[in-house]
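Trainee: need a 3D model of the following:
(chains A, B, C and D, ligands or ions: 5)
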4 protein chains.
Amino acid sequence: MPIPAPNLYPAFNIVRLSHVELVVRDLEASRAFYVDTLGLQVTDQDADTLYLRALEERGHHCMVLKKGTEPQVNYLSYKVYAEEDLDRAHAWFTAKGLKAEWVERPYQGRTLRAHDLFDAPMEFYFQMDRLAPIHQQYKLYKGVKPLRIDHFNCFSPDVDASVAFYNEMGFRVTEYTEDNESGNLWAAWMHRKGGVHDIAFTNGRGPRLHHTAFWVPTPLNIIDLLDLMSTTGYLSNIERGPGRHGISNAFFLYILDPDGHRIEIYCSDYQTVDPDLEPIKWDLKDPQRQTLWGAPAPRSWFEHGSVFAEAAQRDSKMTAQPIIAP
Amino acid sequence: MPIPAPNLYPAFNIVRLSHVELVVRDLEASRAFYVDTLGLQVTDQDADTLYLRALEERGHHCMVLKKGTEPQVNYLSYKVYAEEDLDRAHAWFTAKGLKAEWVERPYQGRTLRAHDLFDAPMEFYFQMDRLAPIHQQYKLYKGVKPLRIDHFNCFSPDVDASVAFYNEMGFRVTEYTEDNESGNLWAAWMHRKGGVHDIAFTNGRGPRLHHTAFWVPTPLNIIDLLDLMSTTGYLSNIERGPGRHGISNAFFLYILDPDGHRIEIYCSDYQTVDPDLEPIKWDLKDPQRQTLWGAPAPRSWFEHGSVFAEAAQRDSKMTAQPIIAP
Amino acid sequence: MPIPAPNLYPAFNIVRLSHVELVVRDLEASRAFYVDTLGLQVTDQDADTLYLRALEERGHHCMVLKKGTEPQVNYLSYKVYAEEDLDRAHAWFTAKGLKAEWVERPYQGRTLRAHDLFDAPMEFYFQMDRLAPIHQQYKLYKGVKPLRIDHFNCFSPDVDASVAFYNEMGFRVTEYTEDNESGNLWAAWMHRKGGVHDIAFTNGRGPRLHHTAFWVPTPLNIIDLLDLMSTTGYLSNIERGPGRHGISNAFFLYILDPDGHRIEIYCSDYQTVDPDLEPIKWDLKDPQRQTLWGAPAPRSWFEHGSVFAEAAQRDSKMTAQPIIAP
Amino acid sequence: MPIPAPNLYPAFNIVRLSHVELVVRDLEASRAFYVDTLGLQVTDQDADTLYLRALEERGHHCMVLKKGTEPQVNYLSYKVYAEEDLDRAHAWFTAKGLKAEWVERPYQGRTLRAHDLFDAPMEFYFQMDRLAPIHQQYKLYKGVKPLRIDHFNCFSPDVDASVAFYNEMGFRVTEYTEDNESGNLWAAWMHRKGGVHDIAFTNGRGPRLHHTAFWVPTPLNIIDLLDLMSTTGYLSNIERGPGRHGISNAFFLYILDPDGHRIEIYCSDYQTVDPDLEPIKWDLKDPQRQTLWGAPAPRSWFEHGSVFAEAAQRDSKMTAQPIIAP
Ligand SMILES: [Ca+2]
Ligand SMILES: [Fe+2]
Ligand SMILES: [Fe+2]
Ligand SMILES: [Fe+2]
Ligand SMILES: [Fe+2]
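Mentor: Residues are numbered from 1 along each chain as shown, chains lettered A, B, ... in the order given. Ligands and ions are numbered 1, 2, ... in the order given. Alright, predicted model coming up:
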């Protein structure tokens, strides 16, 4: 199925991905990982919750960690352009027969909780508490010097269907992988905010969150993180990389947090604001689409993901296996 | 005068700055500078014109160099979202009593040539020939490895007036310098595409173009360019830097082309897509607003700029002088 | 066997490794690899020979490529401190019953060709034609920007014996891997010039040359090379890396030339000039000794090497296998 | 006066510069600067003394800070190859009629305190307490990530005389500036350890210490330090840079500690171990010798230095003034 034409005038205006809420089992272990090692900043913490922001962000949080018994993803959250976009979003989901309800979230204004085509929970807000800038408080820069949340990447049991759904919401495809035999999409990268993606979908049992990515200034920050993690007890948390993706052209590293939630450290993709940007097509059989150079991804990278709250898993419609490290 | 509230629903939708057309006296000298030294790519050349693009761009040109007798700026060009935005732009300028006419430009669809409040020529198009991506043809990366055009910076005789005008077109202020005594704006940075700016205005005799900026991957590329220029006969073309701006937080270098057109090499500013992004205010008396660290700017940097075709110069309404290198 | 005490007053004074002469089958293919891709500079070329230097070197060559039918290593060459050191070297080898003879080499003064304990050919000279510095001709910097030859790494059938032999010549051990069960050395790194090594030995069928290493300014140069090689037809020449070694602490990449000669790109080891520098001991079972972080080395990296002219291969005395990528 | 031929067989063998002892007025202010900002590691501290080492060093200290009332330099210290070199040094200084006496220094074996031709105090030792390596404890890397002490730079009232004196001790000239009119040396860079210099001399009232330099991995570490210092109250401690020297080809930054002792942060010079390395001559009138690119040095950089204990100042024999920032 070919990728759809972009919907340049969607029913409601999503500005960008905003944050993820993850369930973790040990907040102190998570804090050691995200704060002391990666360098995210704590904006609030109580016995059950840790709020984090990256160094150039002014919204209160890009990640919320909730203490719980089983790791999972409570929701992916997006910022909309204006309050009326919330109401339009509510109408849009409701018209599709998808669950959409108003919820309360600390530090945020009105917030809509909805579910996507495969029941993955999405939340939308237009107003979040704004904090004073810290991007020039250089004494705070540590770890990998994370500047901002960049994107989500999810397993989808039907990438064509996911792309059609998110495309209707105004996400625009920048790159994609097609299975030439079936003509199906294997994977797609879709953006709102002008980079390669706010969210990507890859074929696999799902919905599941494959990873959340943070943007860093240069590849040297990633090398610094590798040096640090490999000498502070986090060697086995390094899953894949460093390397360069063919798709997105980004320099990357994948690491696993103490609960197995996967984090990508990412830099140097490109600007995609043109509405007529032509999506780049990759062949599923081209190993450079994932890895322009670098070691092949390990099996865990293809198989492991974080489950979503309230969303049943389905097997994917395609079973072709991409190249996996032997 | 305080900065105006952003116009979140402007009359027409500008996507981003696109390109500049400069008049130069010696196309071969310009080619040696822009292509052989900076590393821009030639997309077309004839006896009178050189078309250039940066490495991640797919539009045909981000800079047009025209052979002529006196250096000047023929126009600054912007890409709009859709063809109807051109007609809306035409109506908007016309309603203001400003000149706006349709012109023919090679490699572009319908193009509108208008003039801003101080007669600086602006052009708008929605469609430009798209070229195959070259961002992964790494053998082409040379010089400073310019990835994309980033912004224009102009002298304005009345920054408050310029900001009001561009704000109405939907440009949003990200940072600004205020003269605390008069309450006037001294300078402002305004964006459409989600970075710190597509265009900035600084108080001074104008309208004149202060510089055109290109975005590069890391500060090390700027250091590479300094090494190259200082050993290939371009030492005196290095005007200011390297350093870090307080405003924008960018790492920068200013250089002069063979005709005195100023080019900034720029990296590491921040994302500004949030419609509720609070502009950062700087005091005119704070020297770190221009130079977080680095040598003070030389006098030429404050005084010299490129004139616009068809636009008469006016003295600026303010005469306070910012800090200048002794 | 413990590592020997350093010989601080050796019989003759070796300053540093100097160059390697490799037999290659196609000089133009080699030139495309070493010159156009890596960025080494040609100092002389005729139908059969290509002489290369790196960017901060003033000696005429750090690598000599000879056209031939079978890839091999003709010799490893070292610079001695003064002419009398050549005569002392001649006496030292002769006294040990090892072959040592005077040979003629273009661009060099008197040159001694000798053989080490396992018949690997070594050459010594004190004077080589000196060329004008080019390290500030930045327009010449391309590819990985190789600054200087850094070290050789060889398979030895008996590392304890190799270390004893080279130690007597004044090479000093900086780091080593011991097999705790047998007490034998598995590998050792030995220097003359004040870095981690001029030569290293690893247990294996030998003598064979495992690799020749070049020193580059920063890890980003290695990333640039990976981007270039992976998009210019050299993807399969990338064998291992990037990563950081535990031993030496260097950031590294291993690549194979068109004849299978292995080249390491290397940076950021440390200074070792202190005569009382304590060698760092690593356990053969510690995988971080080879790879502080990064993908495991592939099988080829453990097995493949270049043979030496005039030197018969012997199996190694140890058969324990270090950790190999599955 | 031409530079002298190198003394390849000096009377005693100096391995490298080792450390400097500085008098400071406020140890806590010094600790905030050297430890919290630059990132040097504390190896011992009591009420009067702070011992520091850099990250790849294994000797106990590269800098000793002594609390006192007036900033000064107590001595520059050098490591010799073996104990007998101490006795040979004692004889050499004594034979010249220069003061040389045995002193006690914590954490060091026998230590010789001597005075150079202009009474600047030099100390020599062969043994210092060795500490466990920390270069792979990446959690300790902060600030500018200083790896090792690199060199001293001194004002000399007669550079020709200083060069002759240090040359006899075996320091070898790598680069120098000559005043073409008088034929006198204006400045010279001299090494023992295989880099561009362990010590340099520049014409000026002296003897005084112009600066002590630390070696860092890459220019990006220097940019990190600039970002940090300019936002933590140390903006006015930044004196000159960043830039690249013509001489040495190093990327540099000069900063002043709380007592006005100047520190250079330095990287990317070149290897100089060849005994026949040709010194590079620069013309005093060539501004690129000091600054290949970058802002001109401020007046303070030419005039200010730290005085030595027990050494009277003399005016320099030359009065020509090099290029100073206007
Ligand atoms: Ca003590
Ligand atoms: Fe990703
Ligand atoms: Fe700018
Ligand atoms: Fe090696
Ligand atoms: Fe220096």
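Trainee: contacts only, for the closest residue to ligand 1 within the stretch 151-300 of chain A.
Mentor: Relative to ligand 1, the nearest point of the stretch 151-300 of chain A is residue A:231 (28.2 Å; Cβ to the ion). Backbone N, C-alpha and C define where each C-beta goes, glycine included. Each residue near residue A:231 by Cβ atoms under 8 Å, 6 or more residues apart in numbering or on different chains is listed here: C:292, D:136, D:137, D:138, D:139.
Trainee: excluding sequence neighbours, find me the nearest residue to the third one.
Mentor: What it means is residue D:137. Using Cβ to Cβ, 6 or more residues apart in numbering or on different chains and skipping the chain neighbours, the partner closest in space to residue D:137 is residue A:231 (6.3 Å).
Trainee: which SS state does that neighbour fall under?
Mentor: The local conformation at residue A:231, judged by DSSP: H, G, I helix; E, B strand; the rest coil, is coil.
Trainee: give me the longest helix you can find in chain A.
Mentor: helix A:83-95 (DSSP state H).
Trainee: I'd like the next helix or strand past it.
Mentor: Next along the chain after helix A:83-95, taking DSSP states H and E as the criterion, comes strand A:100-103.
Trainee: what's that next one packed up against?
Mentor: Here strand A:100-103 touches helix A:83-95, strand A:111-115, going by 3 or more Cβ pairs under 8 Å, 6 or more residues apart in numbering or on different chains; DSSP states H and E.
Trainee: in the sheet, which strands lie alongside that strand, parallel or antiparallel?
Mentor: Partners of strand A:100-103 in the sheet, by DSSP bridges, are strand A:111-115 (antiparallel).
Trainee: contacts only, for residue A:38.
Mentor: Contact analysis of residue A:38 by Cβ under 8 Å, 6+ apart lists A:143, A:144, A:146, A:214, A:225, A:263.
Trainee: quick one: contacts of the helix or strand that residue A:42 is a member of?
Mentor: Per DSSP H and E, residue A:42 falls inside strand A:41-45. Applying Cβ under 8 Å, 6+ apart, the external contacts of strand A:41-45 come out as A:27, A:31, A:35, A:50-55, A:60-61, A:106-107, A:131, A:134, A:140.
Trainee: I'd say residue A:114 and residue A:120 touch.
Mentor: No: assessed by Cβ atoms under 8 Å, residue A:114 is found out of contact with residue A:120, at 9.7 Å.
Trainee: between the two, which one's more packed in?
Mentor: Set side by side, residue A:114 and residue A:120 show more neighbours around residue A:120, with 25 against 20, by other Cβ atoms under 10 Å in any protein chain shown.
Trainee: once you drop chain neighbours, what's closest to that one?
Mentor: Nearest non-adjacent residue to residue A:120, counting by Cβ to Cβ, 6+ apart: residue A:207, 4.0 Å away.
Trainee: pretty sure that neighbour is touching residue A:308, no?
Mentor: Yes: here residue A:207 reaches residue A:308: they are 5.6 Å apart, a contact under Cβ under 8 Å.
Trainee: just to revisit the earlier point, next, the residue of the stretch 151-300 of chain A closest to ligand 1: phi, psi?
Mentor: phi -120, psi 10 (degrees, to the nearest 10).
Trainee: quick one: it from residue A:224, how far?
Mentor: 11 Å (Cβ to Cβ, to the nearest Å).
Trainee: okay, and the common contacts of these two?
Mentor: In contact with both residue A:231 and residue A:224: residue D:138, using Cβ under 8 Å, 6+ apart.
Trainee: sorry, back to before: right, so the helices and strands packed on strand A:100-103: which one is the most enclosed?
Mentor: Across these, the average number of neighbours (mean count of other Cβ atoms under 10 Å in any protein chain shown) peaks for strand A:111-115, which reaches a mean of 20.
Trainee: following that strand, which helix or strand shows up next?
Mentor: Per DSSP H and E, the helix or strand that comes after strand A:111-115 is strand A:121-125.
Trainee: and chain A, which residues reach chain D?
Mentor: Residues of chain A that fall close to chain D, judged by Cβ under 8 Å from any Cβ of the partner chain: A:136-139, A:141, A:218, A:220, A:224, A:227-228, A:230-232.
Trainee: can you flag the buried ones in the residues you listed?
Mentor: A:136, A:138, A:141, A:218, A:220, A:224, A:227, A:228, A:230, A:231 (16 or more other Cβ atoms under 10 Å in any protein chain shown).
Trainee: name the nearest residue to the first one, sequence neighbours excluded.
Mentor: I take that to be residue A:136. Per Cβ to Cβ, 6+ apart, closest to residue A:136 is residue D:231, 5.6 Å.
Trainee: please report the distance of that neighbour from chain C.
Mentor: Remark: distance between residue D:231 and chain C (Cβ to the nearest Cβ, to the nearest Å) = 25 Å.
Trainee: and the gap between that residue and residue D:214?
Mentor: 21 Å.
Trainee: ok, now which ones touch the closest residue in space to residue A:67 that isn't next to it in sequence?
Mentor: The shortest distance from residue A:67 to any residue other than its chain neighbours is 4.7 Å, reached at residue A:48 (Cβ to Cβ, 6+ apart). Residues counted as contacts of residue A:48 (Cβ under 8 Å, 6+ apart) are A:27, A:66, A:67.
Trainee: most neighbours, which of those?
Mentor: Going by other Cβ under 10 Å, residue A:27 tops these with 18 neighbours.
Trainee: pLDDT wise, what is that one at?
Mentor: Reported pLDDT at residue A:27 in the predicted model: 98.
Trainee: could you do residue A:2 as well?
Mentor: In this model, residue A:2 carries a pLDDT of 82.
Trainee: element containing it?
Mentor: Residue-wise, residue A:2 maps onto no helix or strand under DSSP H and E.
Trainee: what's the answer for the one 4 residues further on, then?
Mentor: Secondary structure assignment for residue A:6, by DSSP H and E: no helix or strand.
Trainee: doesn't residue A:167 make contact with it?
Mentor: Yes: between residue A:6 and residue A:167 there is a contact at 6.8 Å, judged by Cβ under 8 Å.
Trainee: any common contacting residues for these two?
Mentor: residue A:173.
Trainee: what's the closest residue to chain D within the stretch 51-200 of chain A sitting at in phi/psi?
Mentor: Closest residue of the stretch 51-200 of chain A to chain D, Cβ to the nearest Cβ: residue A:138 (4.2 Å). Dihedral angles of residue A:138 (phi, psi; degrees, to the nearest 10) stand at phi -70, psi -20.
Trainee: my guess is it contacts residue D:232, does it?
Mentor: Yes: in this structure residue A:138 lies within contact range of residue D:232 using Cβ under 8 Å: 7.4 Å.
Trainee: about what we covered before: what is the burial count for the residue nearest to residue A:120?
Mentor: Residue A:207 has 26 nearby residues by other Cβ under 10 Å.
Trainee: report the contact partners of it.
Mentor: Residues near residue A:207 by Cβ under 8 Å, 6+ apart: A:116, A:118, A:119, A:120, A:154, A:155, A:156, A:157, A:308, A:311, A:313.
Trainee: residues near the third one, how many?
Mentor: Under the neighbour criterion other Cβ under 10 Å, residue A:119 is assigned a count of 16.
Trainee: what's the nearest residue to it if we skip its chain neighbours?
Mentor: That would be residue A:311: by Cβ to Cβ, 6+ apart, it lies 4.0 Å from residue A:119.
Trainee: name the SS class of that neighbour, please.
Mentor: Three-state assignment for residue A:311 (three-state DSSP): coil.
Trainee: how near is it to residue C:89?
Mentor: Where residue C:89 is concerned, residue A:311 sits at a distance of 74 Å (Cβ to Cβ).
Trainee: same question for residue A:82.
Mentor: 81 Å.
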